[in-house]
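Novice: I'd like to go over a predicted model; first the sequence, then the structure.
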Amino acid sequence: IARSEGIERLFNDLKLLKLEIETCTRCPLYKVRNHAVFGEGPLNASLIIVGEAPGREEDIEGRPFCGPSGELLDRMLKAIHLSREEIFITSVVKCRPPQNRAPLSKEIKACIPYLETQIKSIRPKAILALGEVAGKALTKANLPVKELRGKIHPTDHGQIIVTYHPAYILRFSGSQQEKAIKKAAWEDLQLLEKVL
Ligand code: URA
């Protein structure tokens with residue numbers, strides 16, 4: 001009984017948080033968004049994936065990773081036998097910055113309490129941070145992905161693994177660096193598979 005009450009409370013808390021995010025005016029991005037994107041997935045997920053911010057498709061649909069980055073993300077997950085249905089997927093910033101520019105530090109600061117509440121409520125075993133914005137925000141280390149990836153960062157809120165953002169990987173498609181970046185991301189995914 002205690003456990004089902006706990007789950008019910010968690011469900012209600014996150015439902016309220018979703019409403020709060022969807023009507024948020026804590027930073028100016030609310031003026032230019034179509035949808036604030038809360039994220040999606042089971043509230044008892046053992047893995048949370050954190051991106052940077054919604055892109056064009058995500059802003060239109062109100063769902064995380066539903067554009068080209070999401071397609072690559074799905075393939076990355078499949079490579080380690082995971083599917084979206086078992087993962088909670090969200091981002092550091094919940095509203096789309098204009099033209100997909102990087103979120104400003106004041107936007108990150110305004111929005112990060114939402115992510116922290118999501119993590120504290122869901123209590124995952126592991127968190128996969130995609131790209132520098134998520135990597136820095138979650139590890140609190142001011143380092144590029146190159147330095148943050150390839151290892152497990154233990155924290156009070158689960159083990160954090162940082163890897164390249166799928167949009168970043170896509171940008172190198174057909175270039176000389178593509179192979180090295182994909183190899184690094186593959187190593188990070190295998191590390192993730194081990195801790196789950
Ligand atoms: N990039 C992100 O970081 N999040 C999304 O939902 C889509 C693209």
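Specialist: Received the coordinates, thanks.

Novice: please name the residues that touch the closest residue to Pro98 other than its chain neighbours.
Specialist: Distances taken as C-beta to C-beta, 6 or more residues apart in numbering put Val32 closest to Pro98, at 5.6 Å, once the chain neighbours are dropped. In this view, the C-beta of every residue, glycine as well, is placed from N, C-alpha and C. For Val32, the contact set (C-beta atoms under 8 Å, 6 or more residues apart in numbering) comprises Cys95, Arg96, Pro98.

Novice: surely Glu8 is in a strand?
Specialist: No: according to DSSP: H, G, I helix; E, B strand; the rest coil, Glu8 belongs to no strand; its state is helix.

Novice: for the ligand, what's the nearest residue on the protein?
Specialist: Gly51 (2.5 Å; C-beta to the nearest ligand atom).

Novice: who's in contact with the residue most central in space within the chain?
Specialist: The centroid of the chain falls nearest to Val50 when counting by C-alpha atoms, centre = their mean (1.1 Å). Contacts of Val50 were listed using C-beta under 8 Å, 6+ apart, and they are Thr90, Ser91, Val92, Leu115, Ile127, Leu128, Ala129, Leu130, Ala134, Ala137, Leu138.

Novice: could you redo the last one with a cut-off of 10 Å?
Specialist: 39, 64, 88-92, 115, 118-119, 127-131, 133-135, 137-138, 160, 162 (C-beta atoms under 10 Å, 6 or more residues apart in numbering).

Novice: now, which of those residues lie within helices?
Specialist: The helices, defined by DSSP state H, take in Leu115, Gln118, Ile119, Gly131, Val133, Ala134, Gly135, Ala137, Leu138 from those.

Novice: in this protein, where is pLDDT below threshold?
Specialist: Scanning the chain with the threshold set as pLDDT under 70 gives 1-4.

Novice: any residues of it in contact with the ligand? List them.
Specialist: Gly51, Glu52, Ala53, Pro54, Gly55, Glu58, Pro64, Phe65, Ser69, Ser91, Ala167 (C-beta under 6 Å from any ligand atom).

Novice: quick check: the fifth one touching Arg101?
Specialist: In this case it means Gly55. No: using C-beta atoms under 10 Å, Gly55 is not in contact with Arg101, being 11.1 Å away.
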